[in-house]
Structure formats: C-alpha cells, structure tokens
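Trainee: fold the following.
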Amino acid sequence: MKTETMRSDVTVIGGGLAGVCAAIAAARLGSKVVLVNNRPVLGGNSSSEVRVWVCGATAHGINRYARETGIMGELFVENQYRNPDGNPYLWDLVILEAVKAEPNITLLLNTDVHEVEADGPEENRMVRSVTGWMMGSERRIRLESPVFLDCTGDGLVGFMAGARYRIGREAAHEYGEAWAPEETDGITLGSTLLFYTKDAGHPVRFVPPSFAKDITQTPIPIKRVIRSGDSGCHYWWIEWGGELDTVHHNEAIRDELWSVIYGIWDYIKNSGQFEADTMTLEWVGSIPGKREYRRFVGDYVLNQNDIIAQEPFHDRIAFGGWSIDLHPPQGMYAEASGSKHMHADGNYHIPYRCLYSANVGNLLFAGRNVSASHVAFGTTRVMATCAVMGEAAGTAASLCAAKGVSPRDIYRSHLQELQQTLLRQDASIIGLSHEDDQDLASLAKVSASSVRRAISFDNPDSAVQLSRDVAVLFPVEPAVEGLELLVDAAEDTRLTVELWDTGRPENYVPYSKVAEAEAAIAKGEAQWVSIPLAWEPDAPQNAFVIIRENPGVSLYRTSKPLTGVLAFEKGAVPNASSNLEDHDENQPVVAWSMKAVVRQPFCFKVKGMTTAYAPEKAVGGYKRPFGGPNLWASEPIGPESEAWLQLTWEHEISMKEIMLTWNDDVNEDLINLHHHRTSFDTIPELVKSYRIEARVQGNWSTVASAEDNRRRSNRIRLKGSILADALRVVIEETNGAPCAELVEIRVY
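Mentor: Numbering: from 1, shown residues only. Have a look, this model is predicted:
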C-alpha cells in the first residue's frame with residue numbers, strides 16, 4: 001500500500017473541541033497545520049454522533065462572568081445566532097466552517113492514527129511522525145512536523161510515543177486531596193450513551209429488543225430521575241464502566257449502555273406510569289461518550305487544592321469554573337447520587353506546564369488528557385475548558401515551530417510572549433493585562449462622546465416579596481457614598497442591609513463584611529429608602545450588597561440590565577436535583593444564585609458618580625471583568641444619535657491594523673445544544689454597526705465600516721498605511737442594548 005507523506009509546522013491529532021481550537025489557533029498565527037480526526041465529523045463528544053452539550057466555566061449559570069472568549073467564545077456566539085434551537089447537525093456545521101475558514105489547516109477526517117514513530121531515551125523522547133489510515137479512501141498517510149499535539153482524549157499518540165501518564169485515582173497523600181481515596185486505584189469516570197425522543201403525534205408502540213434491561217430489577221427507577229419528556233443530556237447519568245478499562249472494554253460498555261437505554265424506554269412506554277403513548281425514539285447514540293482515561297504527566301500536575309484555592313499560577317494560560325464533579329464508580333447502578341460537586345469561589349487558573357509532556361520533548365496535549373490529578377480532572381474535563389486549553393496549546397505549538405524550540409523552552413524563555421499572544425487573540429487569562437509595545441493605542445489620549453457615570457435602576461417592572469436574602473453586585477470606583485432601594489412595605493418595619501467585598505477581583509461572592517446599616521421603612525408603596533452605607537476601597541473592586549430577608553417588604557425588579565451589575569437570591573438553586581447532584585449549598589457560588597434573576601436586577605441607586613465605565617478602560621489592558629467591568633460605556637444612544645470613542649496622539653502615527661473587542665456579556669450562559677435558549681439570537685450589548693474615522697491633516701474621513709456585526713472581536717486591516725493624529729470609532733447601532741460598550745481597542 002502506497003504511503004503518502006504530509007509535512008507541516010504543527011500536527012494536531014484529535015478533532016474534538018480541544019483539537020479544533022488548537023488547530024485554529026496555530027493556523028491563525030501563520031503555522032501550516034494538519035488536523036486529523038478519526039470520525040467523519042468534528043466536535044468529539046459535542047458532535048451529532050454523541051451529543052453532549054458543551055459545558056464550561058459558567059457551570060450552567062452558577063459561575064459569574066465565566067463564559068469563555070477566544071475561539072470557543074466565537075463558536076458559542078455563532079451557534080447562538082445560527083442554531084438557537086440547538087440542532088446537533090447545525091452545531092457540526094458551525095465547527096466545520098470555523099476550521100474550513102482557515103487556509104492554513106489541512107483537515108483529514110475519517111483518519112485513524114495508530115502508528116507513532118518516536119526515539120530517544122525514556123526521559124527525553126521525540127516524536128518523528130504519526131501515521132493514519134483514512135477509512136473509505138484506503139489512504140495511508142504519514143504526518144511529519146516539528147511539534148505534535150495529542151488531543152485524542154484517550155491519549156493514544158502520547159502513549160505510543162512513550163509519554164508518562166496516569167490512569168485512575170491517586171492516593172490522598174500524593175497531593176493532599178480531601179476527595180482522593182486512601183489508596184491508589186484504577187477507578188475512572190464511566191462512559192455515557194444518550195438518546196433523543198419526540199412526540200410523533202399519533203400512537204406509537206415500542207417492542208423492546210431481547211437485550212433490553214429490566215430496569216425495575218436495578219436501583220435506577222428509585223435512584224435516578226426518569227421523565228417521558230426528557231432526552232439527550234437530561235440522561236447524562238446513564239453512565240457505566242468506571243470500574244472497567246474504558247478503552248479496552250469500550251464495546252462491552254456500549255452494549256451495557258444500550259441495554260439500559262432500551263430498558264428505560266421500555267419502562268417509559270410500557271409500564272403504564274407515564275403519558276408516553278405518542279412518544280417515539282428519534283435517535284440513539286452508538287459511540288460511548290468517554291469521560292476519562294489516560295492523563296499525561298507534565299511539568300506540573302494540577303490538583304484539587306489548586307482549584308479550590310484558585311491558585312494564580314505565574315504561567316496561567318486559561319481558566320475553568322465547572323465544579324469538581326465526580327461520579328460513583330458504579331455509575332447508573334450506584335445507590336449514591338449520580339454526581340457530587342465541589343465549587344471554588346469563582347474561576348480557577350490553569351498553568352501552561354500542564355499542557356506539555358514531562359518526557360517527550362515535542363509533545364503538547366489538550367483536553368481531558370492534560371496533566372491533572374483525577375480529582376482536579378473532575379473539573380478540567382468539561383469541553384469548553386478543554387477548548388480554551390486547546391487554544392493555548394495550539395498557540396504554544398505555533399511559537400515552538402516558528403522559533404525552533406520545545407514546549408518547555410516556551411515556558412522557560414518565552415512565557416510572556418505566549419501569554420500576550422493569547423490575550424491579543426482574545427483568549428482569556430484572568431487578571432493578566434496586556435503589555436504590547438507595538439500597540440499604539442496605549443500612547444494615545446482617550447476621550448468619548450459620553451460616558452456612563454451613574455449606577456441607577458429607576459424603571460421598575462414588578463414587585464417581589466423579600467421572602468429570602470437577596471443581593472446586588474456593582475463596581476465601586478472610586479467610592480460608595482450610600483444606596484437607595486425602591487420598596488413596598490406592608491407595615492412599618494426595618495430593613496437590614498450589609499456591604500461585603502468579594503475577596504478576589506475575579507470573584508463575585510460575599511467574602512468580608514465591610515459595613516452594615518439598618519433603615520426604618522414606613523408603610524407604603526414604591527418608596528425610595530436611603531441606606532447609609534459608605535465604602536472607599538484602596539483599588540477598584542466590586543461590592544456585594546446583601547438585603548436581608550423581610551417578608552413585609554417587597555423590592556422591585558427591572559428588565560433593563562446594566563453591564564457590571566448582577567442580582568442574586570440566597571438559597572435559590574434551580575436545576576439541581578437531590579436525586580442526581582450533590583451540591584454543598586453552603587458553598588458561596590451555590591448559596592447565592594443568579595439563575596432566576598439574570599438580566600433582572602433590583603431597582604436601586606448608588607449615590608455618587610462612578611468612573612468604572614471611563615473611556616480609558618478601553619485601553620486599560622483587561623479584556624474581561626476583573627474587579628469591575630473593564631470597558632467603556634456611553635450614555636444611551638438612539639436612532640438619531642451616535643456615540644464615539646477617540647484616540648488622539650501628539651504626533652502623526654502610521655496605522656495599518658485596528659483591533660476592536662466589543663462587549664458580548666460573558667455573564668450570559670450560552671449552550672450549543674438543547675439545555676436552554678436565550679430570548680435573543682445575538683448578544684444585545686454587541687455593537688451592530690459602526691464606522692472608523694481617521695483625522696488626516698486636520699480632516700476626518702471614514703477608513704472602515706461594519707454593518708450587522710455579531711462578533712466580539714473585529715480585526716480591521718486597512719488598505720495600506722494611514723498617517724493620522726487621531727482615530728475615532730463611531731457606534732451607530734447596537735444589537736439591542738441602549739449604550740455603546742467597547743472592551744478594548746488596539747492600533748498597530
């Protein structure tokens with residue numbers, strides 16, 4: 001059989017979201033990339049073949065300001081626009097089109113890599129090539145490059161190259177992890193098959209296959225939630241194989257999962273306990289969605305304590321926020337709940353040292369096979385987090401290829417360049433500001449047509465009884481001089497209000513009490529009550545203001561949100577079933593839920609003016625919320641008015657490229673499939689139409705414009721160099737928000 005040889009700068013094996021984002025990241029930096037996938041579609045467990053929804057740091061709305069940006073963020077926002085109903089096949093197309101848009105990527109689908117050529121001593125090996133078989137085309141393809149990425153999930157390439165790895169659970173003493181077992185074992189998380197149902201509109205019989213499990217003879221009907229209208233990821237708990245080898249016993253695991261799926265459907269259709277006469281099976285998966293197998297060993301192994309402490313690694317390159325989410329080894333047959341969850345107080349950081357092999361010199365990896373303990377893997381394994389690690393690994397691989405160095409050399413000698421490249425590409429590294437000497441915007445004086453200076457909600461929609469503690473969060477810059485609340489009181493009463501800080505700039509939970517006040521309220525409706533709370537922190541940060549329960553008082557909600565302001569309810573934890581998920585309700589991000597009040601803050605006013613939305617924030621260096629919203633926001637604009645932000649230089653500068661980052665509200669929880677849908681197809685805060693004007697020899701002229709924008713990042717390459725002493729971005733219309741909001745502008 002003839003063997004073809006392909007040579008590239010970077011070879012990425014595995015077409016899940018980690019591999020896709022790695023390939024796109026490297027390609028955008030100019031590297032020639034070959035992306036190899038052994039399935040006919042991209043997306044891995046999120047594809048139409050498996051149909052797991054893409055979870056990430058938002059944790060289905062538990063975490064605040066946590067949605068990923070960068071390439072994964074682009075996929076989320078594009079899918080929201082194209083595919084609001086969560087059609088799995090349209091999600092496949094969103095991913096495929098993102099890959100095909102990159103001319104530097106050669107995509108090989110249906111190509112199973114099962115040969116690896118590597119040499120060198122055990123502690124310093126090098127991958128020379130990998131070889132795959134393209135099914136259906138009978139092509140044997142050898143791939144050569146200076147750097148390789150194993151994004152296969154199971155870690156087959158790294159294993160065959162001799163990379164160090166772990167399978168199973170480490171003992172508690174190894175990393176001091178509270179959730180680790182006393183002794184090392186081979187237990188992993190199991191695999192899952194999903195199924196879809198639909199109402200056929202007429203009676204449909206179901207004759208179960210001979211291998212269907214009688215689930216009444218198992219703990220499933222007692223310990224798990226079964227409803228006739230559920231489908232897809234509602235049945236994530238159909239999991240098995242944690243006590244087996246999830247790779248070598250994959251066929252047996254699939255057969256067991258099939259037997260349970262058809263047994264559950266037999267139970268729904270034929271037990272007489274459900275109204276399911278017209279329901280039918282629409283789709284049943286055939287490829288088990290694996291959760292866990294090999295985890296490679298890098299120069300650092302992320303562990304439980306790093307996650308909970310939110311360790312701010314100096315080499316952080318991405319973040320996560322999903323809980324540490326571990327499942328019982330017996331899976332669907334367990335007497336215990338389907339999962340147990342431990343949450344940090346906010347997003348945590350992932351170090352670059354977890355993304356390259358400790359002993360294979362030119363091997364990086366991303367996805368569920370990164371260097372993490374079994375317990376830490378319980379959070380890093382979710383796909384949107386795998387994706388952001390993929391973007392970081394792909395960026396590092398491109399730098400390796402361009403510089404002729406190893407992934408470890410990037411850590412030792414080029415770490416800042418890696419981090420700054422990621423920030424320039426709009427990947428998120430929380431708490432790290434951009435330092436780019438080539439960015440001319442940092443040298444300019446910044447001004448704007450207007451700026452939001454007040455935090456005020458005085459347009460009430462409805463009153464809600466204060467039957468539990470609630471809270472509001474807002475930026476404090478420079479100070480809080482007092483608050484006002486809009487309330488109804490059924491009788492004369494008193495209201496207790498507390499002001500707390502959040503502990504860390506990236507957190508949005510109460511940490512330390514700063515001040516407390518009690519206000520007398522007279523019986524009456526729709527009255528503004530003054531709360532004497534004051535605070536002037538040393539640095540800009542958020543205030544978490546708690547309004548204590550008082551059933552005799554009602555607060556007002558508004559449907560007009562304000563960027564940087566959130567609302568919370570204490571003890572409201574929707575979508576968490578005690579039969580399926582064990583969440584410690586004392587953990588702050590769980591105790592204080594924003595799910596029911598997203599985009600519905602309470603009516604209140606902060607006394608004093610704020611500088612949290614100043615024009616200078618657009619060149620302030622932060623690309624996402626961190627101690628404040630970190631963006632410029634104008635006053636409201638209308639059909640007959642515009643807003644603008646202007647950069648002015650002392651002398652003429654030569655500009656070739658302008659990069660704009662618009663606000664796409666990273667607090668909004670987006671999902672790729674059917675978990676939920678938003679009431680809008682485009683994030684309202686995104687600017688829809690704008691133009692860019694340059695002042696050349698005293699005269700303003702339009703040098704670029706855009707209409708129907710729905711993307712967070714816009715890169716405008718000008719037609720040749722322009723000599724100008726001022727630049728103005730004029731916002732003509734948003735996608736529904738009242739104000740123009742710009743996170744960052746860069747000029748090169």
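
Trainee: domain-wise, how is this protein divided?
Mentor: With domains defined by automatic domain parsing, the chain comprises 3-170+295-424, 191-284, 440-451+613-747, 462-606.

Trainee: just those: most buried one?
Mentor: Comparing these by mean neighbour count (mean count of other C-beta atoms under 10 Å), domain 3-170+295-424 ranks first with a mean of 22. All C-beta atoms are positioned from the backbone trio N, CA, C, and that covers glycine.

Trainee: please name the residues that touch residue 478.
Mentor: 536, 540, 610-611 (C-beta atoms under 8 Å, 6 or more residues apart in numbering).

Trainee: that one: which element?
Mentor: Counting by DSSP states H and E, there is no helix or strand that carries residue 478.

Trainee: check residue 208 too.
Mentor: For residue 208, there is no enclosing helix or strand under DSSP H and E.

Trainee: same check, this time on residue 78
Mentor: Residue 78 belongs to helix 70-82 when assigned by DSSP H and E.

Trainee: for that helix, packing partners?
Mentor: Applying 3 or more C-beta pairs under 8 Å, 6 or more residues apart in numbering; DSSP states H and E, one finds that helix 70-82 makes contact with helix 17-28, helix 88-100, helix 383-403.

Trainee: any chance of the domains of the chain in CSV with mean pLDDT and distance to residue 182 as columns?
Mentor: Output for the domains of the chain, formatted as CSV (pLDDT from 0 to 100; distance: least, C-beta to C-beta, whole Å):
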stretch, mean pLDDT, distance to residue 182
domain 3-170+295-424, 97, 10
domain 191-284, 96, 17
domain 440-451+613-747, 96, 37
domain 462-606, 94, 21
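
Trainee: rewinding a little: of all the contacts of residue 478, which comes closest to residue 41?
Mentor: Nearest to residue 41 among the contacts of residue 478 is residue 540, at 45.3 Å by C-beta to C-beta.

Trainee: and the nearest residue to that closest one once chain neighbours are set aside, backbone torsions?
Mentor: Closest residue to residue 540 apart from its sequence neighbours, by C-beta to C-beta, 6 or more residues apart in numbering: residue 477 at 4.0 Å. When read as degrees, to the nearest 10, the backbone of residue 477 gives phi -160, psi 100.

Trainee: next, format the domains of the chain as JSON lines and append distance to residue 432.
Mentor: As requested, these are exported to JSON lines (distance: least, C-beta to C-beta, whole Å):
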{"stretch": "domain 3-170+295-424", "distance to residue 432": "6"}
{"stretch": "domain 191-284", "distance to residue 432": "33"}
{"stretch": "domain 440-451+613-747", "distance to residue 432": "8"}
{"stretch": "domain 462-606", "distance to residue 432": "11"}
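
Trainee: how about those domains, which one is nearest residue 185?
Mentor: Distance to residue 185, taken as C-beta to C-beta, is lowest for domain 3-170+295-424 among the domains of the chain, at 5.3 Å.

Trainee: and the helices and strands packed on helix 70-82: which comes nearest residue 141?
Mentor: Of all these, helix 17-28 sits nearest to residue 141, with 16.1 Å by C-beta to C-beta.

Trainee: using CSV, write out every CA atom in the next helix or strand after the closest one.
Mentor: Proceeding N to C from helix 17-28, the next assigned helix or strand is strand 33-36, under DSSP H and E. Taking Å, rounded to 0.1, in the frame of the first residue of the first chain, the C-alpha atoms of strand 33-36 are listed here in CSV:
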residue,chain,number,x,y,z
VAL,A,33,-1.4,22.7,10.4
VAL,A,34,-2.7,19.3,9.7
LEU,A,35,-5.8,18.4,11.8
VAL,A,36,-6.5,14.7,12.0
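
Trainee: on that earlier part again, quick check: the residue nearest to residue 540 touching residue 628?
Mentor: Yes - in this structure, residue 477 is within contact of residue 628 by C-beta atoms under 8 Å, at 5.9 Å.

Trainee: name the residues contacting each of these two.
Mentor: Here residue 477 and residue 628 share the contacting residues 540, 612, scored by C-beta under 8 Å, 6+ apart.

Trainee: give me phi/psi at residue 507?
Mentor: Here is the backbone geometry of residue 507 (degrees, to the nearest 10): phi -110, psi 160.
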